[in-house]
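Chemist: Kindly return the folded structure for what I paste below:
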Amino acid sequence: MSQRIKPVRGLTRTYRLLVLLLRPGLMVFIKRSWSGGEKLPREGGYIVAANHMSGFDPVTTTHFLHDQGVAPKIMAKDSLWKVPVLGAFLRGTNMIPVSRGTRNASDSLDAAREALANGECVLIFPEGTLTKDPELWPMVAKTGVARLALTTGAPVIPVSQWGVQRIFRQHSKLLRLLPRKTVQVSVGDPVDLTDLQDQPLTASVLAEATERIMRAIADGVGTLRGEEPPVELFDPRSARKRTSDADNGDATKETT
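Modeler: Predicted coordinates for the structure are as follows:
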């Protein structure tokens, strides 16, 4: 288990200010159980892929990485850049906005590729939103992380976390800081994508790479929880289809 704080290089002034503002409170109110930090690469750009259970995940994951001497560039939805104060911090720390479903959607991948080429850590929550799994297991993710990894050759490091959902629950606006909760974060071995590197980026290749990444994260979460992760990760698209089919079935019954 690694909790030794290491020096962080290359922080912007705003990044340093954010650490100065947030870290003392995190140290007071959160019990930390960090493990596997030695598995993070010490040179060259790489991708950290983490599960997403709570709106507080970026804070705790960045706290962990900062303690390992890493200042990640987080990929996050661009609407956050419009939030007063928060948007200023995101711009000042050079985080990467993601514009989904627009003509600018590819800009985020270009910015991430540039950061990786500069030897930086890019932090991604591949699910793209908070998990919809009722038990908070990682769910089927979007393929952006796979596309980024396969087009750059950057290693993908799976990071699993558990406990932050007790501090900031989904759909809640209140932080539950007391009594102190333990946040567990662990680092897994790099995800092996070597056999996919030279293949065309077809839908099946991207899906396979994404599945490997999310399976590695889910296995890590299972270890932290002391449980076996689901054999099949929750797929929100299938869930929506089942709900739609059920609603259509009910409507048919009502009209017959």
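
Chemist: Need the three-state assignment for residue 211.
Modeler: Following DSSP: H, G, I helix; E, B strand; the rest coil, the label given to residue 211 is helix.

Chemist: and it, what does it touch?
Modeler: Applying Cβ atoms under 8 Å, 6 or more residues apart in numbering, we find residue 211 in contact with residue 233. Glycine gets a C-beta too; all of them are placed from N, C-alpha and C.

Chemist: Look up how far residue 126 lies from it.
Modeler: Using Cβ to Cβ, to the nearest Å, residue 211 is found at 11 Å from residue 126.

Chemist: Tell me which residues of stretch 118-135 come out buried.
Modeler: 120, 121, 122, 123, 124, 125, 126, 127, 128, 130, 131, 133 (16 or more other Cβ atoms under 10 Å).

Chemist: distance between the ends of that stretch?
Modeler: In stretch 118-135, first residue to last residue: 38 Å (Cα to Cα, to the nearest Å).

Chemist: Next one, pLDDT for residue 11 please.
Modeler: At residue 11, the model reports a pLDDT of 87.

Chemist: Backbone dihedrals for it, please?
Modeler: Dihedral pair for residue 11: phi -70, psi 140, per degrees, to the nearest 10.

Chemist: Now do the contacts for it.
Modeler: Taking Cβ under 8 Å, 6+ apart as the criterion, residue 11 is in contact with 19, 71.

Chemist: Among the buried residues of stretch 118-135, show me the least confident.
Modeler: Within the buried residues of stretch 118-135, pLDDT reaches its minimum at residue 128, with 92.

Chemist: excluding its backbone neighbours, what's nearest that one?
Modeler: Spatial nearest neighbour of residue 128, excluding adjacent residues (Cβ to Cβ, 6 or more residues apart in numbering): residue 142 at 4.6 Å.

Chemist: you'd agree the one you found is in a helix?
Modeler: No: using three-state DSSP, the secondary structure at residue 142 is coil, not a helix.

Chemist: What pLDDT does the model give it?
Modeler: Confidence score, pLDDT, at residue 142: 94.
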